[in-house]
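Student: Quick one, what's the 3D model for this:
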Amino acid sequence: MSQPTVETVRPRSLANRIMWLVILWCGGFGATFLVVLPFHLLVQWASHH
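Tutor: Predicted coordinates for the structure are as follows:
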């Protein structure tokens with residue numbers, strides 16, 4: 001097992017950061033959606049009955 005050197009990692013650094021930013025943003029958005037959705041449905045159900 002050889003460790004990757006700094007020279008091999010550096011060219012993908014910016015793309016890797018952007019990829020992780022997008023992944024974390026989508027994960028946060030999805031988690032927020034899953035937390036808010038039951039409350040939204042509960043309020044919608046309560047307002048129609």
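
Student: what's near enough to touch residue 19?
Tutor: Applying CB atoms under 8 Å, 6 or more residues apart in numbering to residue 19 gives no contacts. From N, CA and C alone the C-beta is placed, and that goes for glycine too.

Student: Quick check: pLDDT value at residue 3.
Tutor: Note on residue 3: pLDDT of 67.

Student: ditto for residue 12
Tutor: Per the predicted model, pLDDT is 72 at residue 12.

Student: next one: the one 3 residues further on
Tutor: At residue 15, the predicted lDDT confidence score is 92.

Student: what about it, distance to residue 21?
Tutor: Distance from residue 15 to residue 21, counting by CB to CB, to the nearest Å: 11 Å.

Student: which residue lies farthest from the center of the chain?
Tutor: Largest separation from the mean C-alpha position in the chain: residue 49, at 35.2 Å (CA atoms, centre = their mean).

Student: burial count for residue 27?
Tutor: Look at residue 27: counted by other CB atoms under 10 Å, it has 10 neighbours.

Student: Could you measure from it over to residue 42?
Tutor: Applying CB to CB to residue 27 and residue 42 gives a distance of 24 Å.
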